[in-house]
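*Asks:* need a structure here:
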Amino acid sequence: MTRALRVLLVSIASLLVASLALSACSSPDESADEGAPIQVNTSKGSVTINGVPQRIVALGAQWIDVTLAFGITPVAYLDNIQILTGNPPPWSNNQLQESTPLTTDDIVAQVAKAEPDLILATSYMADGQPELYENVSKLAPTIPGITGRQIDPWQDMVTFLGTVLREPDKAQEITAGVDEKIAAAKEDMPGLEGKTYSMAYMFSNDQIQVMADPEDGATYLFRSLGMSIAPQLVEQFRRNGQPRYPISTENVPMLDSDLLVVTANTDQQMSTLEGLPGYQGLRSVESGAVSRLSVAEISGLNEPTPLSIPYVLDKMYPALQRAAA
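*Replies:* Numbering: from 1, shown residues only. The predicted structure is shown next:
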């Protein structure tokens, strides 16, 4: 396995994505046979899916959760969160016991062994490792992401898979269930309207990764609650064009906001962050509106899914309540 491939598959903080446009997704009309082809036009060419897929391989945590939300277990999967942390995400509830986990070694051979009729991939795999993507896509119809954004909105992924599975009503039900939970939280905490937040991941002793693109798929939960990213982070994004970028430890004051959602690779790194100049003066720290999440949990925000969002919302609730006060 190359170092570049490992970075592409396990790095939550530094995904490098190119554009993808889902310009057409045509589904059969009500009178058409259930197995009628669906054609999807992507930046990697036109992809035709014949019939309802029965053997899906999911490459990436988002696609894994989306398939599980439909009650479908992929025949094989590559979970970047599990590779990064050593454990499956807590919201998966052991639903993958009947599925084959893939490793980052010789992925093409492993996927071929699963005999898929649909492969759900990601744009950072397709664009960052084009040779790998080309070889994988020869095995079965392969979808290289949905929107071209650094993180696909989970709702778009649910809608897409609902079309492919001929279950649009189920897709609407999944999305509505998550939206209802978020709406209940917003009603319970009206004070969140207009508040700001920062999301930070201390991944080394001198670097803190932040998320700063207001249109990124990872912002959906917070936007739904009426919140926006700390303006100083957005301002830097406008200058450098990077949806996620590292800041040095002396720039901790850039995290000043009403809510801080934070993680670190180790407890020692978290202690280092808490001792940095400016940290104790952050508004979120002074008010107690700090939600320290595990790497897996903040990954569930960074790559949101219909399974991760409700779980992480519950984990952040106390800090959100303080931010709303």
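
*Asks:* Which strand or helix spans the nearest residue to Met157 once chain neighbours are set aside?
*Replies:* Spatial nearest neighbour of Met157, chain neighbours left out: Val66 (4.9 Å); criterion: C-beta to C-beta, 6 or more residues apart in numbering. For the C-beta atoms, the positions are set from N, CA and C on the backbone; glycine is no exception. Per DSSP states H and E, Val66 falls inside helix 61-69.

*Asks:* Who are the packing partners of the longest strand along the chain?
*Replies:* Assignment by DSSP state E gives strand 196-204 as the longest strand of the chain. In terms of contacts (3 or more C-beta pairs under 8 Å, 6 or more residues apart in numbering; DSSP states H and E), strand 196-204 is packed against strand 207-211, strand 228-229, strand 259-264, helix 267-274, helix 295-302.

*Asks:* the bottom helix or strand of the chain by mean pLDDT?
*Replies:* The helix or strand of the chain with the poorest confidence is helix 3-10; it has a mean of 39 (mean pLDDT, DSSP states H and E).

*Asks:* quick one: Gln110 and Leu161, what's the gap?
*Replies:* According to C-beta to C-beta, to the nearest Å, Gln110 and Leu161 sit 22 Å apart.

*Asks:* With Pro304 instead?
*Replies:* Noted for Pro304: a distance of 15 Å to Leu161, by C-beta to C-beta.

*Asks:* in the longest helix along the chain, what counts as buried?
*Replies:* Using DSSP state H, we find that the single longest helix of the chain is helix 168-188. Buried positions in helix 168-188, judged by neighbour count with 16 or more other C-beta atoms under 10 Å: Lys170, Ala171, Ile174, Thr175, Val178, Ile182, Ala185, Lys186.

*Asks:* Neighbour count: Gln110 and Leu161, which is higher?
*Replies:* Shown here are Gln110 and Leu161; by other C-beta atoms under 10 Å, Leu161 has more neighbours (26 against 18).

*Asks:* quick one: pLDDT of the residue nearest to the more buried one when sequence neighbours are not counted?
*Replies:* Distances taken as C-beta to C-beta, 6+ apart place Val66 nearest to Leu161, at 5.5 Å, with adjacent residues excluded. pLDDT recorded at Val66 is 97.

*Asks:* next one: Ser92
*Replies:* The score at Ser92 is 86. That number is its pLDDT.

*Asks:* likewise Leu22?
*Replies:* Leu22 is assigned 35 on the pLDDT scale.

*Asks:* ok, now the one 3 residues further on?
*Replies:* In this prediction, Cys25 carries a pLDDT score of 45.

*Asks:* one step back: contact partners of the helix holding Val66?
*Replies:* Residues outside helix 61-69 that contact it (C-beta atoms under 8 Å, 6 or more residues apart in numbering): 56, 58, 73-74, 77, 79-82, 89, 91-92, 95-96, 120-122, 151-152, 154, 157-158, 161, 174, 299-300, 303-308.

*Asks:* switch to 7 Å and redo it
*Replies:* 56, 58, 74, 77, 79-81, 89, 92, 95, 120, 152, 154, 157-158, 161, 174, 299, 303, 305-308 (C-beta atoms under 7 Å, 6 or more residues apart in numbering).

*Asks:* And the buried ones among those, selectable in PyMOL?
*Replies:* The buried residues among these can be selected in PyMOL (16+ other C-beta under 10 Å) with this line:
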select buried, resi 56+58+74+77+79+80+81+89+92+95+120+152+154+157+158+161+174+299+303+305+306+307+308
